[in-house]
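Participant: this is a predicted model, with the sequence first.
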Amino acid sequence: MVGPLVRALFSTTKPSSFLKQRTTGISRFFSTATATAASATDSGGALDPNRLRNVAVIAHVDHGKTTLMDRLLRQCGADIPHERALDSNQLEKERGITIASKITSISWKENELNMVDTPGHADFGGEVERVVGMVEGAILVVDAGEGPLAQTKFVLAKALRYGLRPILLLNKVDRPSVSEERCDEVESLVFDLFANLGASEEQLDFPVLYASAKEGWASTTFTKNPPADAKNMSQLLDAIVKYVPPPTASLDEPFKMLVSMMEKDDYVGRILTGRITSGVVRINDRVHGLRDSDAGVVKIEDGKIVKLRKNKGMVSFDVDCAGAGDIISVAGLKSPSIGHTVANIEVMTPLPTVELDPPTISMTFGVNDSPLAGLDGTQLTGGKIGDRLMAEAETNLAINVIPGLAESYEVQGRGELQLGILLENMRRESFELSVSPPKVMYKIENGVKLEPIEEVTIEVNEEHVGLVMEALSHRRAEVTDMGPVPGNFGRTRMTLSCPSRGLVGYRSVFSSDTRGTGFMHRAFMAYEKYRGPLGNVRKGVLVSCARGTITSYALVSLEPRGTLFVTPGVETYDGMIVGEHSRDTDLDVNPVRNKALTNIRSAGNDENVKLSPPRRKDVDDSEMEWHKRCERQCDDSDESLT
């Protein structure tokens, strides 16, 4: 009699509800507030694909993508806790840029809009490439004052490659320097950009809207101050519903989904996010993971769906089922990763994967074996470093990790910023490691040496043009366009093509040459023929010849020799780089020297020592002294300081 009673009690408890109670509010993925599934679906059923719109927001850095997303969320009733709400990562908040793509949904006039906020920096282009295949439309945000720049071209090329028809949104039209004539000029430049990228006739016929994301309004006609009842995003949302086609998907076919994003949870395992290509998926459905290989289709794992989750506004909630065309997160499988297909067990054909641009920069990560090892972190062994790098490569397809000798790993990425973000995340996770100078990845095709070439857009004051041109000429750059900046008297904009190796370490030099008044943006362009050795772009270094604590007394005499990287009180050792020499040769110095004590008092002995602020190095400059370990090595493709 006890047996039937126990079975009856267990039959009334749903496993999914128990799992929900256990995981809510614990992991990073499930940290948002939980709502009921009925608030987003029709009586727990899958949405009609004709009511769905999947849209990505793409733009150049700092043209207003994330601010625009804030206004769209507020327009549709979402509770925004702070500005740039989707930039939830701590580094995103500190640097003011989007690093990882974010997916959310909003409701507008009986339609469900799945919105994807993407990074604008070319180093994080992998985030754009892997999510642009999930959407049927895109909003191309362009600063009405600056016009299209290098990374505008980069992200637009990705959208056009997938056949998307972007909606052009000219942002920041409320600025005093922006006029209707300037907007017409920017629209013409964008049209030329579309044509140069091979856009179709339908893509060339793009709709144009004008907006001020900061003030929270968008308009189909040019205006700087719309009426009070029109100061909202309604016209942009209507344009999305009108111009973005619904997903072409069938609810009657078997369930298939291509994994585009992945996160990990301590309780439910892998969280796989992607757009459902066909069919309907429900809790407890039997599914398996598939992938293509040289030997044919490979089945990765069999399992069942234990949790379905969807984002709406700033809230993440459970759903019982989801249908074709929707973007959803599933849990229950342990092995599938980004680029794999999750489908019903009767499906044996995986979906095609996305194509990614090749990495251009590589660095070697290894165990910190300097004399100061073990002072800064707790994760010290090569095994832990390798596990962390492999986990990063699994969730970020734009990074490749190749194991090397002596517990070292070659990490390949798109640029210094991407690798710098990885290093900073590892540092905050208490990892201590050594890194090599960044190296450019060459190719050999038909016996010809090829190197990565980047498109560089520079805007400087007229008095700095000559200095910048001279510096870049030594770095094998070639000018492709040059002219005044519209609406900015005395400013010049240049477009150049330059080898990646020539730009390594140049950003800090550029900031010094332009006194902080210029800006520079880069984007990978293509692999081209090797342009030859660089000119006189490398300086010597100041190398410590003693071990101990650096003193202000010693640094006072070293300041005229070059630019220092250290401050008093820092520990140093023999062979550590402490600064950049003002000449082309290396110089051995003693930064730990103390003043000799005598019994004779002289004037001025007790005055305070005033030192210039040191140049704080990070991997973006490719001259970083990472955990106090620097190598005195350089070649034609590397910076002398790392």
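Facilitator: That came through fine.
Participant: what's the helix or strand containing Glu528 in contact with?
Facilitator: Counting by DSSP states H and E, the element that carries Glu528 is strand 519-529. Here strand 519-529 makes contact (Cβ atoms under 8 Å, 6 or more residues apart in numbering) with 60-61, 122, 125, 149-151, 153-154, 357-358, 360, 414-415, 443, 448-459, 497, 500, 503, 507, 510. No exception for glycine: its C-beta is placed from N, CA and C like everyone else's.
Participant: dump the residue contacts of Met262.
Facilitator: Applying Cβ under 8 Å, 6+ apart, the residues contacting Met262 are Arg270, Ile271, Leu272, Thr273, Ser337, Ile338, Glu394, Thr395.
Participant: one step back: show me what the strand holding Glu528 pairs with in its sheet, parallel or antiparallel.
Facilitator: According to DSSP bridges, strand 519-529 forms sheet pairs with strand 448-461 (antiparallel).
Participant: got the angle for the helix or strand just after the strand it pairs with vs strand 519-529?
Facilitator: Note on strand 448-461: by DSSP H and E, the next helix or strand toward the C-terminus is helix 465-474. Per axes from the mean of the first three to the mean of the last three Cα atoms, to 10 degrees, the angle that helix 465-474 makes with strand 519-529 is 30 degrees.
Participant: picking up where we left off before, show the average pLDDT along the strand holding Glu528.
Facilitator: On average, the pLDDT along strand 519-529 is 85.
Participant: buried set for that strand?
Facilitator: Phe519, Met520, His521, Arg522, Ala523, Phe524, Met525, Tyr527 (16 or more other Cβ atoms under 10 Å).
Participant: closest one of these to Val570?
Facilitator: When the buried residues of strand 519-529 are compared for distance to Val570 (Cβ to Cβ), Met520 wins out at 30.4 Å.
Participant: quick one: the closest one from Leu419, how far?
Facilitator: 18 Å (Cβ to Cβ, to the nearest Å).
Participant: sorry, back to before: for the helix or strand just after the strand holding Glu528, output the C-alpha coordinates as PDB.
Facilitator: Per DSSP H and E, the first helix or strand lying C-terminal to strand 519-529 is strand 541-544. Provided in PDB are the C-alpha atoms of strand 541-544 (Å, rounded to 0.1, in the frame of the first residue of the first chain):
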ATOM      1  CA  VAL A 541      64.100  49.600 -23.600                       C
ATOM      2  CA  LEU A 542      65.200  50.300 -20.000                       C
ATOM      3  CA  VAL A 543      66.100  47.000 -18.400                       C
ATOM      4  CA  SER A 544      66.600  46.500 -14.700                       C
END
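Participant: related to what we said a few turns ago, and the buried ones among the contacts of strand 519-529, selectable in PyMOL?
Facilitator: The PyMOL selection below is limited to those of those classed as buried (16+ other Cβ under 10 Å):
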select buried, resi 60+61+122+125+149+150+151+153+154+357+360+414+415+450+451+452+453+454+455+456+457+458+459+497+500+503+507+510
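Participant: need the phi and psi values for Asp184.
Facilitator: phi -60, psi -40 (degrees, to the nearest 10).
Participant: tally of neighbours for it?
Facilitator: The number of residues packed near Asp184 is 13, by other Cβ atoms under 10 Å.
Participant: pLDDT value on it, please?
Facilitator: Confidence score, pLDDT, at Asp184: 90.
Participant: farthest pair within the contacts of Met262?
Facilitator: Thr273 and Glu394 (14.1 Å).
Participant: neighbour count winner among those two?
Facilitator: Comparing Thr273 with Glu394 by other Cβ under 10 Å, the one with more neighbours is Thr273, at 23 against 15.
Participant: which ones are touching the more buried one?
Facilitator: Ile103, Val259, Ser260, Met261, Met262, Glu263, Ile327, Ile328, Ser329, Val330.
Participant: turn those residues into a markdown table, including distance to Ile385 and pLDDT.
Facilitator: Shown next, in a markdown table, are the contacts of Thr273 (distance: Cβ to Cβ, whole Å; pLDDT from 0 to 100):
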| residue | distance to Ile385 | pLDDT |
| --- | --- | --- |
| Ile103 | 30 | 87 |
| Val259 | 26 | 89 |
| Ser260 | 28 | 86 |
| Met261 | 25 | 85 |
| Met262 | 21 | 85 |
| Glu263 | 21 | 83 |
| Ile327 | 34 | 89 |
| Ile328 | 34 | 89 |
| Ser329 | 29 | 90 |
| Val330 | 31 | 90 |
